[in-house]
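S.K.: What would the 3D arrangement of this be:
(4 chains)
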Number of protein chains: 2
Amino acid sequence: MKTKKKRSDCPVSFSLEAFGDKWSLLIVRDLMLKKKCTYGELAKSDEKIATNILAARLLSLEENGIIQKLEHPDSKAKVLYQLTQKGMDLIPIIVEINLWAEKYTDIPEKRKELLAQMNADKEGFIRNAFKELESNL
Amino acid sequence: MKTKKKRSDCPVSFSLEAFGDKWSLLIVRDLMLKKKCTYGELAKSDEKIATNILAARLLSLEENGIIQKLEHPDSKAKVLYQLTQKGMDLIPIIVEINLWAEKYTDIPEKRKELLAQMNADKEGFIRNAFKELESNL
DNA sequence: ACATTTACTTGCAAAAAGCAAGTGTTTTAA
DNA sequence: TTAAAACACTTGCTTTTTGCAAGTAAATGT
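M.R.: Here you go, the predicted structure:
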């Protein structure tokens, strides 16, 4: 976990230094909601992240303790990326971001079921997402 | 509200296009938690945002409907910046970001009271922040 | 009337993002 | 058993964004 000088001691600033860019939370979303776990799967995101940028963001997320790299059970050629506890703790933020977006843009069909769950029982959804992710740790 | 092509139809991506950079949420934080409302006050943030970047971010936040510019009651030389409804709806996200940071970094004294309130009664804190901000609309 | 405050803008250098192509190891298929 | 394909990246280059320092113009205070 690399230490670089903080811009300020504000907790919001601290957080943004860890994931406050256009890509990091999309990677977290894929690991969290889309169950992607390899470099190749992450590279195929809808937003078409460039491969060098993906590598850079994965490194930065790892340095920030949000994800970890593990051996993939299926093959030595693959790498298994997964959220750490610290990364899983971003679930509530991802949920609130989804709920905010729902108020101000159209939600695609494939995400509506998830949004419905978040709306019906936010705490429950978060607990559940946690449980699922924790079973991989 | 300028329309630029979306990277994808994902709600998280939509949100990040509106405030997913190193500065936008700090400006929102200042408007929301620090009761700053003029260009000069925002420019004096702990993180020392460059004046041209501040101008650019304020414009982008305005184009995204998150803040609005109004005449300042005290002087024609001043501009009053404030959160719109859409901007106020970011409160839950800001709260979750604060709570995440609290788990992983030291919180400065001046923010501890606020964090205590968020922890004691998250919903209540959010309702209250809303009420305060709405009284300015 | 003149200095100061306020909200910016401008020009340039540095950093980051984006694109296309390439590398090296591991796995699959002939 | 060997050549092709899959996989996880790297490298080199261009474009875009950020950051710094200085400047501008209107409104205000003295």
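S.K.: What's the local residue count around residue A:123?
M.R.: Look at residue A:123: counted by other CB atoms under 10 Å in any protein chain shown, it has 9 neighbours. Quick note: C-beta positions are derived from backbone N, CA and C, even for glycine.
S.K.: Give me the local confidence score for it.
M.R.: We have a pLDDT of 95 for residue A:123.
S.K.: Just confirm yes or no for the helix or strand containing it near chain B.
M.R.: Here residue A:123 is covered by helix A:122-134, with elements defined by DSSP states H and E. No - for helix A:122-134, no contact with chain B is found by CB under 8 Å from any CB of the partner chain; the gap never falls below 9.7 Å.
S.K.: roughly how far out does that helix sit from the chain middle?
M.R.: 14 Å (CA atoms, centre = their mean, to the nearest Å).
S.K.: And residue A:9, how far from chain B?
M.R.: Taking CB to the nearest CB, to the nearest Å as the measure, residue A:9 falls 4 Å from chain B.
S.K.: phi, psi of that residue?
M.R.: Backbone torsions of residue A:9, given as degrees, to the nearest 10, read phi -100, psi 10.
S.K.: What count of nearby residues applies to it?
M.R.: 15.
S.K.: likewise residue A:38?
M.R.: Residues lying near residue A:38 (other CB under 10 Å) number 16.
S.K.: three-state assignment of the residue in chain A that DNA strand D sits nearest to?
M.R.: Residue nearest to DNA strand D within chain A (CB to the nearest atom of the strand): residue A:40, separated by 2.9 Å. Assigned with DSSP: H, G, I helix; E, B strand; the rest coil, residue A:40 falls in the helix class.
S.K.: contacting residues around it?
M.R.: Shown in contact with residue A:40 (CB atoms under 8 Å, 6 or more residues apart in numbering or on different chains): residue A:78.
S.K.: per-residue pLDDT, it?
M.R.: 97.
S.K.: what does residue A:1 give?
M.R.: Residue-level pLDDT assigned to residue A:1 equals 42.
S.K.: Can you tell me how far residue A:112 is from residue B:14?
M.R.: 14 Å (CB to CB, to the nearest Å).
S.K.: Specify which residue of these two has the higher count of neighbours.
M.R.: Set residue A:112 next to residue B:14 and count neighbours by other CB under 10 Å: residue B:14 wins out with 22 against 12.
S.K.: Which positions within the strand or helix carrying that one qualify as buried?
M.R.: With elements taken from DSSP H and E, the one containing residue B:14 is helix B:11-19. Judged by neighbour count (16 or more other CB atoms under 10 Å in any protein chain shown), helix B:11-19 contains these buried residues: B:11-19.
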